[in-house]
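K.L.:
A structural model of the following input is requested.
(2 chains)
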Amino acid sequence: MSTLLQLESVGVSIGTVALLEGISLSVERGQILGLVGESGSGKSLTALAAMGLLPLIGGRITTGQVRFDGQDMAAMTEAQRRALRGRRIGFVTQNPMTALDPVQRIGAQVDIVSRLHLGLSWQAARARTLDLLTQMRIPEPAAVAEAYPHQLSGGMKQRIVIAMALAGDPDLIIADEPTTALDVTVQAQIIQILGQIVRERGAALLLITHDMGVVAQICDRVAVLYAGRLAEEGPVGPIFAAPAHPYTRALIGCIPQEGMAKGSLRGIPGAVPSALAMPSGCRFNPRCPHASAICCETAPSFAPFGAGGVACHHAGVAS
Amino acid sequence: MTEPLILIEALSKRFQSGGGLFARPRAMMAVRDVSLSVGRGEVVGVVGESGCGKSTLARLVLRLIEPTAGTVRFDGTDLTGLPPAALRRMRRRMAMVFQDPYSSLDPRYTLTDVLSEPYRVQGEPLPTGRVAEMLGAVGLPEAMATSHPHQLSGGQRQRVGIARALALAPDFVVLDEPTASLDVSIQAQIIALLSDLRDRLGLTYLFISHDLGLVRYFCNRIVVMYLGAVVEVLPAATATPRHPYTQALIASGFVPDPAARRAIVPVAGEVPSPFNLPPGCAFAGRCPRATDQCRTTRPALSDEAHPVACFHPI
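P.N.:
Down below sits the predicted model:
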């Protein structure tokens, strides 16, 4: 297996505010890495950093390196990065309602990707579009290609957005909460399609989600973010069986499951701290049931643990 | 048996859309012939996907919108025939918590304004110390009374929404997807709070949600809706589903356990347009068990201990 995307202790700031610190991740070909955490933990920011899109929101990488297929993204020109996005990196946004142009027909919006990035003719691009829509199990692809976004359901639109991300035949797909706005039966369809793409094309998928159920179902590895830092990372099996970080354990415990006793679902007390008022020491300490004096003073470093790593002074105490 | 707190009979709501000089208006039944009872102290869940009519049903139950047909009886009184003044008096005893804590609070109000509004509407003086008491009941500090909604997180706002609903000590609360826009960690906090409040204040809930896992955790009885109609009523949270749609809903949920990983078999097909429903069972086009009978005749909800609207239940 070869590493396609690698983040090495990446730090990100907007203005003088540090939002991400020491984020190290890697995604291999044929692998699905889940990136989880509550809102405000820095998931989407990590995705923007990986694509070199931070300037769009006024952010910048302050430390570390993002490497795509071995190349340092920071060393590339903007033109080189732009050629990469859409071609070798496909992006699926969270909200399919706003990701599509409301005044352009579906077909034209998908065609343009393969015309731009693969240099296909108009006819060849359309043939490819219809093929992609069929792969997405869209009924009557030719009719849908002539439709406008408002004529389609949310689940259909999300499949179109995925088709657009695939049109450039990317090696890496970054999907930012691709199913959050969708119904469960549609979510199951989308997750199945994404899993299939990775297996059949040998692509890599960085799947951003807040749903530990989705992670358990299709991811190979999972990275847990909390308040802009990496809390835990590793293969899915051991992490769900015995989460080393109390935050990972708490997140898994938030999902109602069959056979759970009434009253056992309590959530995580408090809320994710604001970037302007981060607690000292471990940022999870105000919400952690295992916090001790050292947790309030010193930030734990991210250290190897099992087949992954964890940043906790009491790693393993939770399980 | 005593009369249930809420008794809904053959409730329907028809919406019309479009229409103009040249276009003929289109009509759809958002809620079709729904009958349901909620006993005192019960937590009844209504679950279904977008467009199934669950939020319309929630609004009909409190008569926030007028039904096209059918009745809603609240503690023996028919709400649908009540004149406005009597309805307002009745409304003290029922409340609603809305889905979106961002749009359901007036951004110009302080929390004191928000929480005293129910008293203002009912023309009653606000008892001294009541605002602090309400904030305390939902786990918010008293000092927040002078804050505005924009200073609060999503979870804190939803706590305010709950406090407002409970201001006049109602018997019955409709919870319309109260956690849909919150993180799972905060969702679990809110569910725990709602559960504690119910035990403490003896409340009765109608809990609307798209999340069957959550409904099975929180509710005593579960009503499953598909395209405006009730397709199944699970008599207990642990009951095994009999309708293929309910089974598909359960199969679509992912368990947070990689050992329980399985092949995903998504429900085939698309949800039909509510403006153009098929003549038979609305789920027939996506159902693996459908026969010709299903495609031509609409199944009625059976009159059993575990009611289901299906010709070929599991």
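K.L.:
who's in contact with the closest residue to chain A within the stretch 101-250 of chain B?
P.N.:
Using C-beta to the nearest C-beta, the closest approach of the stretch 101-250 of chain B to chain A is made by B:Ala188 at 3.0 Å. (Each C-beta comes from the backbone N, C-alpha and C, glycine too.) B:Ala188 makes contact with A:Gly253, A:Cys254, A:Pro256, A:Leu265, A:Arg266, A:Gly267, A:Ile268, according to C-beta atoms under 8 Å, 6 or more residues apart in numbering or on different chains.
K.L.:
surely B:Pro118 meets B:Leu166?
P.N.:
No: using C-beta atoms under 8 Å, B:Pro118 makes no contact with B:Leu166, being 9.3 Å away.
K.L.:
look up phi and psi at the residue nearest the centre of chain B.
P.N.:
With distances taken as C-alpha atoms, centre = their mean, B:Ile208 lies nearest the centre of chain B, 2.5 Å away. Note on B:Ile208: its backbone torsions stand at phi -100, psi 130 [degrees, to the nearest 10].
K.L.:
residue ranges with poor pLDDT in chain A?
P.N.:
A:1, A:318-319 (pLDDT under 70).
K.L.:
all strands of it, in order?
P.N.:
A:3-14, A:17-28, A:32-36, A:59-68, A:71-72, A:89-92, A:172-176, A:204-208, A:221-226, A:229-235, A:303-305, A:308-310 (DSSP state E).
K.L.:
chain B too?
P.N.:
Using DSSP E, strands in chain B cover B:6-17, B:26-38, B:43-47, B:69-74, B:77-78, B:94-97, B:172-176, B:204-209, B:221-226, B:229-234.
K.L.:
need these in TSV (columns: distance to chain A).
P.N.:
Formatted as TSV, these follow (distance: least, C-beta to the nearest C-beta, whole Å):
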stretch	distance to chain A
strand B:6-17	14
strand B:26-38	14
strand B:43-47	10
strand B:69-74	27
strand B:77-78	32
strand B:94-97	17
strand B:172-176	15
strand B:204-209	11
strand B:221-226	11
strand B:229-234	13
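K.L.:
the nearest residue to A:Gly107 once chain neighbours are set aside: what's it in contact with?
P.N.:
Of all residues not flanking A:Gly107 in the chain, A:Ala145 sits nearest, at 3.1 Å (C-beta to C-beta, 6 or more residues apart in numbering or on different chains). A:Ala145 sits next to A:Arg105, A:Ile106, A:Gly107, A:Val110, A:Arg126, A:Thr129, A:Leu130, A:Leu133 when contact means C-beta under 8 Å, 6+ apart.
K.L.:
ditto for A:Cys219
P.N.:
A:Cys219 neighbours (C-beta under 8 Å, 6+ apart): A:Ile32, A:Leu33, A:Gly34, A:Leu207, A:Val236.
K.L.:
go on, A:Met212?
P.N.:
A:Val36, A:Phe240, A:Leu251, A:Ile252, A:Cys254, A:Ile255, B:Val184, B:Pro256.
K.L.:
which residues does the residue nearest to A:Leu54 when sequence neighbours are not counted contact?
P.N.:
Closest residue to A:Leu54 apart from its sequence neighbours, by C-beta to C-beta, 6+ apart: A:Leu48 at 5.3 Å. By C-beta under 8 Å, 6+ apart, the contact set of A:Leu48 is A:Leu54, A:Leu56, A:Ile57, A:Gly59.
K.L.:
for chain B, what's the nearest residue on the stretch 1-150 of chain A?
P.N.:
Taking C-beta to the nearest C-beta, the stretch 1-150 of chain A has A:Glu38 as its residue nearest chain B, at 4.5 Å.
K.L.:
touching, the residue nearest to the centre of chain B and B:Val174? I think so.
P.N.:
Yes: contact criterion C-beta under 8 Å: B:Ile208 and B:Val174 qualify, at 7.1 Å.
K.L.:
find the residues that touch each one of those two.
P.N.:
B:Ala58.
K.L.:
neighbours around A:Ala275, how many?
P.N.:
Applying other C-beta atoms under 10 Å in any protein chain shown, we find 16 residues neighbouring A:Ala275.
K.L.:
distance of it from A:Leu166?
P.N.:
A:Ala275 sits at a distance of 34 Å from A:Leu166 (criterion: C-beta to C-beta, to the nearest Å).
K.L.:
how about B:Val184, what does it touch?
P.N.:
A:Glu38, A:His210, A:Asp211, A:Met212, A:Leu251, A:Cys254, A:Ile255, A:Gly267 are the contacts of B:Val184 under C-beta under 8 Å, 6+ apart.
K.L.:
can you put the residues you listed in TSV and add distance to A:Ile174?
P.N.:
What follows is the contacts of B:Val184, written out as TSV (distance: C-beta to C-beta, whole Å):
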residue	distance to A:Ile174
A:Glu38	20
A:His210	16
A:Asp211	17
A:Met212	19
A:Leu251	21
A:Cys254	25
A:Ile255	24
A:Gly267	29
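K.L.:
give me the neighbour count for the residue nearest to A:Thr129 when sequence neighbours are not counted.
P.N.:
Nearest residue to A:Thr129 in three dimensions, chain neighbours excluded: A:Val110, at 4.3 Å (C-beta to C-beta, 6+ apart). Around A:Val110 there are 26 other residues, counting by other C-beta under 10 Å.
K.L.:
can you pull out the helices in the stretch 101-250 of chain B?
P.N.:
For the stretch 101-250 of chain B, the helices defined by DSSP state H, counting those that start in this stretch cover B:111-122, B:130-137, B:154-166, B:184-201, B:212-218, B:244-252.
K.L.:
mind giving me the packing neighbours of the fifth one?
P.N.:
What it means is helix B:212-218. Other helices and strands packing on helix B:212-218, by 3 or more C-beta pairs under 8 Å, 6 or more residues apart in numbering or on different chains; DSSP states H and E, are strand B:43-47, helix B:184-201, strand B:204-209, strand B:221-226, helix B:244-252.
K.L.:
how far out from the middle of the chain is the lengthiest helix in chain A?
P.N.:
In chain A, assigned by DSSP state H, the helix with the most residues is helix A:184-201. Distance of helix A:184-201 from its chain centroid, counting by C-alpha atoms, centre = their mean, to the nearest Å, is 15 Å.
K.L.:
stretch B:307-314 too?
P.N.:
Counting by C-alpha atoms, centre = their mean, stretch B:307-314 comes out at 23 Å from the chain centroid.
K.L.:
same deal with stretch B:278-286?
P.N.:
On C-alpha atoms, centre = their mean, the centre of stretch B:278-286 falls 24 Å from the chain's centre.
K.L.:
is chain A contacted by that stretch?
P.N.:
No: using C-beta under 8 Å from any C-beta of the partner chain, stretch B:278-286 stays clear of chain A, coming no nearer than 8.6 Å.
K.L.:
now the end-to-end length of that stretch.
P.N.:
12 Å (C-alpha to C-alpha, to the nearest Å).
K.L.:
for that stretch, give me every contacting residue.
P.N.:
B:226-229, B:231, B:243-245, B:248, B:267-272, B:287, B:290, B:293-299, B:309-311.
K.L.:
and the residue nearest in space to the middle of chain A, bridged to which residues?
P.N.:
Nearest residue to the geometric centre of chain A (C-alpha atoms, centre = their mean): A:Ile208, 2.3 Å. Beta-bridge pairing for A:Ile208 (DSSP bridges): A:Leu35, A:Asp176.
K.L.:
what sits against it?
P.N.:
Neighbours of A:Ile208 in contact, by C-beta under 8 Å, 6+ apart: A:Gly34, A:Leu35, A:Val36, A:Lys43, A:Ser44, A:Thr46, A:Ala47, A:Ile174, A:Ala175, A:Asp176, A:Glu177.
K.L.:
got it, and B:Arg198?
P.N.:
B:Gly41, B:Val43, B:Tyr205.
K.L.:
at 7 Å instead, please
P.N.:
B:Val43, B:Tyr205 (C-beta atoms under 7 Å, 6 or more residues apart in numbering or on different chains).
K.L.:
same check, this time on A:Gln6
P.N.:
A:Ser26, A:Arg67.
K.L.:
please report the distance of it from A:Val36.
P.N.:
19 Å.
K.L.:
just to revisit the earlier point, now mean pLDDT too, for the helices and strands packed on helix B:212-218, in JSON lines please.
P.N.:
Below are the helices and strands packed on helix B:212-218 laid out as JSON lines (pLDDT from 0 to 100):
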{"stretch": "strand B:43-47", "mean pLDDT": "96"}
{"stretch": "helix B:184-201", "mean pLDDT": "93"}
{"stretch": "strand B:204-209", "mean pLDDT": "96"}
{"stretch": "strand B:221-226", "mean pLDDT": "96"}
{"stretch": "helix B:244-252", "mean pLDDT": "90"}
